[in-house]
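J.: this one's sequence-less:
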């Protein structure tokens with residue numbers, strides 16, 4: 001299952017994939033921290049229309065599109081520059097989400 005935008009960044013992809021099986025109570029604070037990182041480094045990403053575009057073919061929703069908060073993080077990160085992606089990778093690594 002390749003061809004996801006984050007497969008080009010294996011460290012990030014590994015961390016983001018961990019959200020799939022994570023309990024919402026654990027996932028939400030981590031997603032909030034990622035949004036805060038984006039707000040600090042490139043706040044315009046949170047106001048761009050592209051970040052809020054939703055696919056309406058609901059029969060083929062990706063796993064992260066089932067949770068609006070997770071969906072927003074994935075969409076924003078897809079638009080983010082390398083500096084933000086590296087910051088998120090480091091954050092996830094510090095949270096031990098990139099450990100095998």
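T.: Looks like it came in fine. It should be emphasised that the depicted structure is a prediction, and the values quoted were computed from it without experimental measurement.

J.: low-confidence regions, the chain specifically.
T.: 1-2, 49-60, 97-100 (pLDDT under 70).

J.: what residues are up against the residue most central in space within the chain?
T.: Centroid-nearest residue in the chain, with Cα atoms, centre = their mean: residue 74, separated by 3.4 Å. Taking Cβ atoms under 8 Å, 6 or more residues apart in numbering, we find residue 74 in contact with 6, 16, 64, 65. The C-beta positions use only the backbone N, C-alpha and C, and glycine is treated the same way.

J.: report the buried members of those residues.
T.: 6, 16, 64 (16 or more other Cβ atoms under 10 Å).

J.: the last one and residue 71 touch, don't they?
T.: If I follow you right, that is residue 64. Yes: Residue 64 is within contact range of residue 71, at 5.7 Å (criterion: Cβ atoms under 8 Å).

J.: who touches both of the two?
T.: If you check residue 64 and residue 71 against Cβ under 8 Å, 6+ apart, no residue is contacted by both.

J.: tally of neighbours for residue 30?
T.: For residue 30, the count of nearby residues is 19 (other Cβ atoms under 10 Å).

J.: again with residue 81
T.: Around residue 81 there are 10 residues (other Cβ under 10 Å).

J.: quick one, what contacts the closest residue in space to it that isn't next to it in sequence?
T.: Leaving aside its sequence neighbours, residue 81 sits nearest to residue 42 (Cβ to Cβ, 6 or more residues apart in numbering; 6.7 Å). By Cβ under 8 Å, 6+ apart, the contact set of residue 42 is 80, 81, 83, 84.

J.: restricted to strands, list the residues you listed.
T.: Of the contacts of residue 42, none are assigned to strands by DSSP state E.

J.: what's the farthest-apart pair in the residues you listed?
T.: 80 and 83 (8.1 Å; Cβ to Cβ).

J.: more crowded one of these two?
T.: residue 80 (20 against 10).

J.: nearest residue to the more buried one in space, please, no chain neighbours.
T.: residue 45 (6.0 Å).

J.: test my guess that the one you found contacts residue 83.
T.: No: using Cβ under 8 Å, residue 45 makes no contact with residue 83, being 11.7 Å away.
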